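A.B. asks: kindly return the folded structure for what I paste below:
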Amino acid sequence: MLPDEPPQPPASVAAPAALVEAAPAAERPERMNRSAVLWVALAIFAQESVWNFYDAQVPAQLRQFVSSATVIGLIMGLDTGLGVIVQPWTGLISDRLARSRTGRWPIVVAGACVAAVPFALIPWATGLPMLMLCIFAFGLTANSFKGVTETLVSDYVASQQRGRAQGFIKAGVSLTIIVSALISLLVVDHSLRAAFAIPPVLMVVMVTLSYCFLGRRHPTALRREDTGTGTDTDQADPFSSPWAVLKDLVREPSRARLLLMAGIFCFAGMWAALRSLTTPYGTEVLGMTRGAAGGIALPGAIAFLVCVVPLAYLSHRLGELRMIRYGIALFVAGLLVGFAEPTPAFTAASVAIASIGYAVFSVNGLVALWGLAPNNRVLGAYTGLYTVASASGMALGPALLGATVDLTGWRYMFLNAAVLGAVTFAVFTLVARRAGRPLAAAS
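C.D. replies: Got it, this is the predicted structure:
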């Protein structure tokens with residue numbers, strides 16, 4: 001496209017996809033709405049605090065009634081299954097509400113208030129049926145607004161600034177682990193019921209505050225980059241159901257979106273596998289105690305927190321897909337460091353390097369998928385699809401890496417993970433090529 005020609009609206013999804021790959025900073029003049037990012041981050045922080053405490057304490061609650069670790073693991077995976085089913089639907093409903101006066105907020109506020117009840121009742125359950133009812137009710141209601149809350153950033157931040165916004169949000173989310181640990185450390189042993197009441201109360205209060213500050217600004221804040229002059233808002237919506245969104249996803253000519261979903265599945269799976277198997281690797285290969293092996297992840301958590309915001313700013317300049325590929329390369333390099341020198345110090349450094357690589361993906365993965373969406377009216381549905389891909393990867397990744405360990409032994413775990421990471425790099429390289437090719441042809 002000649003420099004003096006005005007930019008044309010894309011005929012397909014390929015054009016915005018290429019813009020995700022790389023866009024000069026000079027073409028991104030709009031400033032990020034920092035106050036909006038702060039309040040969206042607060043809402044996401046609130047819900048993630050509940051989920052972190054849930055993952056930390058509900059297994060111990062189940063141990064009172066269930067002795068099998070396998071059964072406990074299956075029950076803890078119930079929320080993932082519910083999320084795969086519920087989130088695409090609620091995401092699509094939120095996309096319809098996004099253009100109304102209230103925006104997506106009714107789903108977020110109502111969901112937080114309803115989900116708080118079964119969560120707070122978990123320690124009051126005196127039998128397994130009552131406990132399972134609370135777990136199911138919480139999983140269903142909490143998943144109904146989880147992805148919708150994450151989509152709020154797309155309503156208040158321009159598309160070019162969403163990667164930077166995600167950096168601040170992910171930094172805040174990483175602090176929820178500390179909040180969950182403090183509640184467990186300071187309250188659980190004194191009053192389990194009070195401990196289970198604190199996270200949902202914080203969630204309701206913080207979500208309500210976020211709504212009070214952002215909900216009233218919604219009618220003028222919502223971005224509609226895909227509507228052009230606004231005349232297409234009156235046309236029939238071709239994405240009337242999740243099935244229509246999936247059909248469009250599969251039939252898209254370049255297959256870039258489908259490949260990106262596969263890449264999200266792979267990278268999320270490898271990260272979950274590394275987190276799950278690092279502790280047994282420390283005991284089996286490094287001769288560490290269980291507690292010491294569990295501490296290997298601490299440098300990685302610190303590295304993630306320190307680097308995530310600067311990486312978001314760098315992604316803003318270089319493009320999301322390009323940075324994800326750099327992140328995967330760093331992830332693989334970190335794993336190879338751990339394999340080359342199996343000592344506690346090198347293993348901790350390996351996990352820290354891999355954590356920085358994952359931080360790049362964490363910031364850019366969802367933003368890249370939004371950039372590939374056919375229009376801004378389905379961002380909530382695409383957030384649900386992102387959750388489906390990442391949750392599925394996190395569910396299957398540890399089993400896949402564990403199978404390779406059974407074949408080769410624990411000593412080769414990091415090398416096996418690096419090989420699988422290289423496959424993920426190949427997938428994202430193909431995504432970048434498929435996303436950029438149509439725009440180059442049109443220029």
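A.B. asks: ok, Ser390 - contacts?
C.D. replies: Counting by Cβ atoms under 8 Å, 6 or more residues apart in numbering, Ser390 makes contact with 264-265, 268, 365. For every residue, glycine as well, the C-beta is placed using N, CA and C.
A.B. asks: top of these by number of neighbours, please.
C.D. replies: Using other Cβ atoms under 10 Å as the neighbour test, those are led by Ile264, with 29 neighbours.
A.B. asks: distance check, it against Thr90.
C.D. replies: According to Cβ to Cβ, to the nearest Å, Ile264 and Thr90 sit 19 Å apart.
A.B. asks: filter the contacts of Ser390 down to the ones in helices?
C.D. replies: 264-265, 268, 365 (DSSP state H).
A.B. asks: so which pair among those residues is furthest apart in space?
C.D. replies: Distances among the ones in helices among the contacts of Ser390 were taken as Cβ to Cβ; the most separated pair is Phe265 and Gly365, at 10.7 Å.
A.B. asks: domain map for this protein?
C.D. replies: Described in terms of automatic domain parsing, the domain architecture of the chain consists of the residue ranges 32-222, 242-442.
A.B. asks: let me have those in CSV, adding mean pLDDT as columns.
C.D. replies: Below are these laid out as CSV (pLDDT from 0 to 100):
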stretch, mean pLDDT
domain 32-222, 79
domain 242-442, 81
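A.B. asks: doesn't Phe168 make contact with Ala41?
C.D. replies: Yes - with contact defined as Cβ atoms under 8 Å, Ala41 and Phe168 form a contacting pair (5.8 Å).
A.B. asks: buried sites along stretch 346-355?
C.D. replies: Taking 16 or more other Cβ atoms under 10 Å as the basis for neighbour counts, the residues of stretch 346-355 that come out buried are 347-355.
A.B. asks: nearest to Arg433 among those residues?
C.D. replies: Scanning these for proximity to Arg433, where the rule is Cβ to Cβ, the winner is Ala354, at 25.2 Å.
A.B. asks: the closest one touches Ile328, doesn't it?
C.D. replies: No - applying Cβ under 8 Å as the test, Ala354 and Ile328 come out as separate, 10.1 Å apart.
A.B. asks: nearest spatial neighbour of Ser392, skipping sequence neighbours?
C.D. replies: If the residues on either side of it in the chain are set aside, Ser392 comes closest to Phe265, at 5.8 Å by Cβ to Cβ, 6 or more residues apart in numbering.
A.B. asks: I figured that neighbour hits Ala391, correct?
C.D. replies: No - counting by Cβ under 8 Å, no contact exists between Phe265 and Ala391, whose distance comes to 9.3 Å.
A.B. asks: state the number of residues packed around the closest residue to Thr424 other than its chain neighbours.
C.D. replies: In space, not counting the residues next to it along the chain, Thr424 is nearest to Cys266; the distance is 4.0 Å by Cβ to Cβ, 6+ apart. For Cys266, the count of nearby residues is 23 (other Cβ under 10 Å).
A.B. asks: swap in Arg193?
C.D. replies: By the other Cβ under 10 Å criterion, the neighbourhood of Arg193 contains 12 residues.
A.B. asks: residues near the closest residue to it other than its chain neighbours, how many?
C.D. replies: Ranked by Cβ to Cβ, 6+ apart and with sequence neighbours excluded, the top spatial neighbour of Arg193 is Pro123, at 4.8 Å. The number of residues packed around Pro123, counting by other Cβ under 10 Å, is 19.
A.B. asks: which residues does Pro123 contact?
C.D. replies: The contact partners of Pro123, by Cβ under 8 Å, 6+ apart, come to 61, 192-193, 195-196.
A.B. asks: neighbour-wise, which of those leads?
C.D. replies: Neighbour counts for those (other Cβ under 10 Å) peak at Phe196, which has 25 neighbours.
A.B. asks: does it touch Ala116 like I think?
C.D. replies: No - Phe196 is beyond contact range of Ala116, at 10.3 Å (criterion: Cβ under 8 Å).
A.B. asks: host element of the residue nearest to Ile328 when sequence neighbours are not counted?
C.D. replies: Closest residue to Ile328 apart from its sequence neighbours, by Cβ to Cβ, 6+ apart: Phe425 at 4.4 Å. Under the assignment given by DSSP states H and E, the secondary-structure element containing Phe425 is helix 413-442.
A.B. asks: counting contacts, what elements does that helix pack onto?
C.D. replies: If you count contacts as 3 or more Cβ pairs under 8 Å, 6 or more residues apart in numbering; DSSP states H and E, helix 413-442 packs onto helix 14-21, helix 256-284, helix 320-340, helix 379-408.
A.B. asks: angle of the longest one against helix 256-284?
C.D. replies: I take that to be helix 379-408. Going by axes from the mean of the first three to the mean of the last three Cα atoms, to 10 degrees, helix 379-408 is angled at 40 degrees with respect to helix 256-284.
A.B. asks: buried residues in helix 379-408?
C.D. replies: Taking 16+ other Cβ under 10 Å as the neighbour-count basis, helix 379-408 is seen to contain the buried residues 379-395, 397-398, 400-402, 404-405.
A.B. asks: mark which of the contacts of Pro123 are part of helices, please.
C.D. replies: With helices taken from DSSP H, the overlap with these comprises 61, 192-193, 195-196.
A.B. asks: out of those, who's nearest Ser180?
C.D. replies: Using Cβ to Cβ, Ala195 comes nearest to Ser180 of those, at 10.1 Å.
A.B. asks: so which of the helices and strands packed on helix 413-442 comes closest to Val308?
C.D. replies: With Cβ to Cβ, the closest approach to Val308 among the helices and strands packed on helix 413-442 belongs to helix 320-340: 11.1 Å.
A.B. asks: restricting the selection to alpha carbons, write the closest one to CSV.
C.D. replies: Taking C-alpha atoms only, helix 320-340 is exported to CSV below (Å, rounded to 0.1, in the frame of the first residue of the first chain):
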residue,chain,number,x,y,z
GLU,A,320,2.7,-9.7,19.8
LEU,A,321,3.3,-12.7,17.6
ARG,A,322,7.0,-11.8,17.1
MET,A,323,7.5,-11.5,20.8
ILE,A,324,5.7,-14.7,21.5
ARG,A,325,8.2,-16.5,19.3
TYR,A,326,11.1,-14.8,21.1
GLY,A,327,9.5,-15.9,24.4
ILE,A,328,9.2,-19.5,23.3
ALA,A,329,12.9,-19.4,22.2
LEU,A,330,13.8,-18.1,25.6
PHE,A,331,11.6,-20.8,27.2
VAL,A,332,13.5,-23.5,25.3
ALA,A,333,16.9,-22.0,26.1
GLY,A,334,16.1,-22.0,29.8
LEU,A,335,15.1,-25.7,29.7
LEU,A,336,18.3,-26.6,27.9
VAL,A,337,20.3,-24.8,30.7
GLY,A,338,18.6,-27.0,33.2
PHE,A,339,19.3,-30.1,31.2
ALA,A,340,23.0,-29.3,30.6
